[in-house]
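A.B. asks: Based on what follows, work out the 3D shape:
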Amino acid sequence: MTTNTPPKNDTPILHPEYISSLSKRGYQFLKENSTNEAIECFQQILEIDKINNYALVGMGDACRKHGHFHDAIKYYERCLENYPGNNYALFGLADCYKALNQFHKAIDIWEKYLEHDPNNITVLTRVADAYRKLRDFKNSKFVYQKVLEIDKYNPYAIIGLGHLHYDFKEYRDALYYWERMLERRTMSNVDIRVLTSIGNCHRKLKTFEDGIVYFDAVIQRESSNFYALFGLADCFRGLNQPARSLEYWNRILETDPQNKVILTRAGDAYCTLKNYDKAIDYYRRALSIDFDTYAMLGLAIVDREQGRYDDAIRSLRSLLANEPKNHRAYIELVECYLQLDDKQSALDTLHEYLNFGIKNTVIYDMLQRLEGQQF
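C.D. replies: Alright, predicted model coming up:
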């Protein structure tokens with residue numbers, strides 16, 4: 001008796017075309033961020049071919065997208081064991097180590113990649129960024145400049161050089177690089193982060209009026225941008241315009257009412273304007289969130305300004321119990337003692353601070369004034 005059963009042969013899943021189709025589908029799923037579906041495709045391939053380089057890299061990429069960096073590393077390393085020069089595995093592996101803040105390992109892997117593709121700008125900028133994270137100024141600057149030799153206006157290298165100099169408090173050099181981004185663009189179409197970075201350089205250089213121009217340009221495009229609102233408030237604070245600074249501190253608080261730092265800054269502005277009730281309210285709101293040195297100091301200043309010297313002294317002594325080297329607290333204490341005509345306690349307080357061996361011009365000047373001595 002005959003049967004209609006076909007003779008046994010290779011099943012379709014063993015055909016290279018089938019594996020290729022699964023691989024293409026997997027990478028398409030990755031592009032669409034459908035990582036679970038992508039993983040399913042790559043796992044099917046690995047069941048057939050345990051060292052398939054496309055599937056191993058694909059699994060690494062999928063795990064990396066999920067933030068499972070250690071799992072991703074295993075797949076990339078399995079690929080590299082069998083295909084040492086696979087650039088996609090090297091790239092993914094380096095990015096995993098970067099995400100894990102293991103920058104030395106990331107740099108080593110990227111440099112292996114550059115052996116095959118020495119002028120790859122994407123990899124070079126990643127290497128420069130990693131050196132910057134390691135605070136290796138010399139190597140970071142060298143690699144960024146190498147990128148600019150290849151691509152004179154590469155935005156990642158220019159912005160990276162700005163951040164590098166900013167991190168090392170070289171604000172004028174940072175300004176030079178960030179302003180280069182405006183050579184081919186206008187304020188209306190350059191990346192907003194470039195404008196806030198330029199504004200922050202002016203804040204650090206105390207060229208506040210120039211900083212306002214850039215922060216205001218950001219606000220015109222994105223009215224609730226935190227960094228621009230903060231920058232504007234701080235610039236007006238630096239220009240001794242507390243009423244203007246309050247406009248922006250309060251705009252931040254409209255969307256972030258529990259921001260302790262901003263509450264304290266707003267309290268300081270109200271204190272400067274002698275609106276002490278408002279200042280107290282903002283300082284207390286900050287302290288209700290968590291202990292804050294500046295809010296405690298602000299409340300003590302309000303007490304001193306309103307003649308409650310003993311209350312101010314108690315608050316300042318309480319603050320110094322936690323922060324014994326806070327020079328501003330010592331300065332406020334001296335002012336309180338002088339208001340009480342207690343010169344000896346003022347002198348004792350200044351010497352108390354100097355016993356820490358810390359040099360402070362304001363403290364020395366106060367002591368010189370009280371003792372009549374030359375230093």
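A.B. asks: The chain: strands as residue ranges?
C.D. replies: Assigned by DSSP state E, the chain shows no strands.
A.B. asks: Any stretches of it with poor pLDDT?
C.D. replies: Within the chain, the segments meeting pLDDT under 70 span 1-15, 373-375.
A.B. asks: Now do stretch 340-350: everything it contacts.
C.D. replies: Tyr309, Tyr330, Leu333, Val334, Tyr337, Leu338, Ile363, Met366, Leu367, Leu370, Glu371 (Cβ atoms under 8 Å, 6 or more residues apart in numbering). C-betas here are computed from N, CA, C, even on glycine.
A.B. asks: can we see that at 6 Å?
C.D. replies: Tyr309, Tyr330, Leu333, Val334, Tyr337, Leu338, Ile363, Met366, Leu367, Leu370 (Cβ atoms under 6 Å, 6 or more residues apart in numbering).
A.B. asks: Pipe the residues you listed into a markdown table and attach neighbour count and distance to Arg126 per row.
C.D. replies: Listed next are those as a markdown table, based on neighbours: other Cβ atoms under 10 Å; distance: Cβ to Cβ, whole Å:
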| residue | neighbour count | distance to Arg126 |
| --- | --- | --- |
| Tyr309 | 17 | 58 |
| Tyr330 | 24 | 47 |
| Leu333 | 26 | 51 |
| Val334 | 25 | 52 |
| Tyr337 | 20 | 57 |
| Leu338 | 15 | 58 |
| Ile363 | 19 | 47 |
| Met366 | 21 | 51 |
| Leu367 | 21 | 53 |
| Leu370 | 15 | 58 |
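A.B. asks: Okay, and which of the residues you listed map to helices?
C.D. replies: Tyr309, Tyr330, Leu333, Val334, Tyr337, Leu338, Ile363, Met366, Leu367, Leu370 (DSSP state H).
A.B. asks: tell me the helices in the stretch 201-350 of the chain, going along the chain?
C.D. replies: Residue ranges of the helices in the stretch 201-350 of the chain, as given by DSSP state H, counting those that start in this stretch, are 208-221, 226-238, 242-255, 260-272, 276-289, 293-305, 309-322, 327-339, 343-354.
A.B. asks: Can you check which of those helices gets nearest to Ile109?
C.D. replies: helix 226-238 (33.1 Å; Cβ to Cβ).
A.B. asks: Now do the contacts for Leu93.
C.D. replies: Contact analysis of Leu93 by Cβ under 6 Å, 6+ apart lists Tyr76, Ile109.
A.B. asks: Just the buried positions in stretch 267-283, please.
C.D. replies: Of all the residues in stretch 267-283, those buried under the rule 16 or more other Cβ atoms under 10 Å are 267-272, 275-276, 278-280, 282-283.
A.B. asks: List of residues touching stretch 63-81?
C.D. replies: With Cβ under 6 Å, 6+ apart, stretch 63-81 has contacts from 35, 53, 56-57, 59-60, 86, 89, 92-93, 96, 99-100.
A.B. asks: So for Thr122, which of the helices of the stretch 201-350 of the chain sits nearest?
C.D. replies: Proximity to Thr122 (Cβ to Cβ) singles out helix 226-238 among the helices of the stretch 201-350 of the chain, at 26.6 Å.
A.B. asks: so what secondary structure elements neighbour the closest one?
C.D. replies: helix 192-204, helix 208-221, helix 242-255 (3 or more Cβ pairs under 6 Å, 6 or more residues apart in numbering; DSSP states H and E).
A.B. asks: Look at the closest residue to Lys141 other than its chain neighbours and say how many residues are nearby.
C.D. replies: Of all residues not flanking Lys141 in the chain, Leu164 sits nearest, at 6.2 Å (Cβ to Cβ, 6 or more residues apart in numbering). As a burial measure, Leu164 scores 23 neighbours (other Cβ atoms under 10 Å).
A.B. asks: quick one: Leu164 from Glu371, how far?
C.D. replies: Remark: distance between Leu164 and Glu371 (Cβ to Cβ, to the nearest Å) = 46 Å.
A.B. asks: Tell me the buried residues in stretch 290-299?
C.D. replies: Neighbour count says stretch 290-299 has Asp292, Tyr294, Ala295, Met296, Leu297, Gly298, Leu299 buried, by 16+ other Cβ under 10 Å.
A.B. asks: Including distance to Glu323, could those residues go into CSV?
C.D. replies: Shown next, in CSV, are the buried residues of stretch 290-299 (distance: Cβ to Cβ, whole Å):
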residue, distance to Glu323
Asp292, 11
Tyr294, 11
Ala295, 13
Met296, 9
Leu297, 10
Gly298, 15
Leu299, 15
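A.B. asks: Out of those residues, the closest to Met187 would be?
C.D. replies: Tyr294 (33.3 Å).
A.B. asks: and the longest helix for the protein?
C.D. replies: The chain, longest helix under DSSP H: helix 16-31.
A.B. asks: Which strands or helices does it pack on?
C.D. replies: Judged by 3+ Cβ pairs under 6 Å, 6+ apart, helix 16-31 is in contact with helix 35-48, helix 53-65.
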